[in-house]
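Peer 1: Mind looking at a prediction? Sequence and model below.
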Amino acid sequence: MRPHAEPISISVFNAGGNRVTSWTVREADGIYSRKLNIPDVSEPGVWRIVAHYQGDEKNAATREFQVKKFVMPSFDVSIKPEQNYFLVTTEKFHFTIHASYSYGETIKGAYHCQFGVRQEATGDADTRKPETIIIRGLEKSGSVNNGEAEVTLFRLQIENLLKERSANLTQLALDRTQLYVAVTVIDIASGELQEAEVFIPIVSQRGGVRWRSYSRILTFKKNDASYGAWLDRPSSIWLTAQVVKVLSLVADRQLEGRGEKGRQGANVVSVEEISQSVEYLLSKQSEKDGSFNDPHPVIHREMQGGVGGTEGDVSLTAFVTIALKRSLHHLTGETKNKAF
């Protein structure tokens, strides 16, 4: 270790790679802090702070930070349905609108809702585009108080408007159609508008939601039982472990509700699917120390639990271990022995 009392050279580089400023300091306690003023005319992008002992540029420490134009804080709008599906026999569909600023202040204003239907796209994956059709006459408006508004949509009203278009909810459910909900909220104080939208599956029975979700997951499965966000991209150990954990949880619930005979039900998650993906995960385990490593970028980084970089293998190993433990009840034979 080198003595911390030696002079330290510090430089700041802008997004273009140009040195903006530099200085030299000595700190007896080894800790240095300073406020850095960035001019308004500065180019946005990734800036760097580089620090090293004088004459030791090869062992410099670098920290990057993002420079962006300041934008006044805006508010977010979200839609929270009472149920994550629209059952064709339900009398009414209820949801809550939430609107608040990132720093916690809630909105007082007004909302306007539009509704429609979107049929699942068919055809080539590169060209298919789902079409959303707005149902005219089904609009809703009202007040937003303390950042919330309650909205209720009645099935009979939807049916009557669909009849004018020679359609009905039962047929829409068979066609795997989704209910489209679009919300616009205005803040009275600032006059600012923000929007949000959600797509709710229309189903003829509650069990259809689980089966459709399960089928959707399997579309991302590859021949080796791994999963990826895209079939033409490398597989993700993170995503495969997540699928194993989710399918195991669903299989647990289905067994609890239907008994051991539930394993043979048509709408039950296949334990074979779980077992195959577990085999894939085990094949990626390090023989040296038992850890897991995924060299490919993680798209949904919240799975990493805030741990990345050189410690990324630690969080991944923990994540896979939890998934394997959850799957044990659905494994048999050698696969179960290896997963222990």
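Peer 2: Everything's here; your move.

Peer 1: which residues touch residue 145?
Peer 2: Shown in contact with residue 145 (CB atoms under 8 Å, 6 or more residues apart in numbering): residue 108. (Glycine included, C-beta is placed from N, CA and C.)

Peer 1: hmm, try it at 6 Å
Peer 2: By CB atoms under 6 Å, 6 or more residues apart in numbering, residue 145 lies in contact with nothing.

Peer 1: Would you mind measuring from it to residue 290?
Peer 2: Distance, residue 145 to residue 290, by CB to CB, to the nearest Å: 55 Å.

Peer 1: Repeat that for residue 173.
Peer 2: 47 Å.

Peer 1: and what of residue 188?
Peer 2: Distance from residue 188 to residue 290, by CB to CB: 59 Å.

Peer 1: what do you get for residue 227?
Peer 2: 22 Å.

Peer 1: neighbour-wise, which of those two wins?
Peer 2: residue 227 (24 against 9; other CB atoms under 10 Å).

Peer 1: Residue 330 contacts residue 271, correct?
Peer 2: Yes. Using CB atoms under 6 Å, residue 330 is in contact with residue 271, at 4.4 Å.

Peer 1: Those two: which has the busier surroundings?
Peer 2: residue 330 (23 against 18).

Peer 1: Buried residues, stretch 279-287. List them.
Peer 2: Using 16 or more other CB atoms under 10 Å as the test for burial, stretch 279-287 gives 279-281, 284-285.

Peer 1: And those, which is closest to residue 242?
Peer 2: Distance to residue 242 across the buried residues of stretch 279-287 (CB to CB) is lowest for residue 281, with 11.0 Å.

Peer 1: Next one: the closest one from residue 296, what distance?
Peer 2: Residue 281 is 15 Å from residue 296, by CB to CB.

Peer 1: Quick one: residues contacting residue 113.
Peer 2: With CB under 6 Å, 6+ apart, residue 113 has these contacts: 140, 183.

Peer 1: buried sites along the host helix or strand of it?
Peer 2: Residue 113 is part of strand 109-119, with elements assigned from DSSP states H and E. Within strand 109-119, the residues that count as buried by 16+ other CB under 10 Å are 109-111, 113-118.

Peer 1: Beta-bridge partners for residue 196, please?
Peer 2: Beta-bridge pairing of residue 196, defined through DSSP bridges, involves residue 183.
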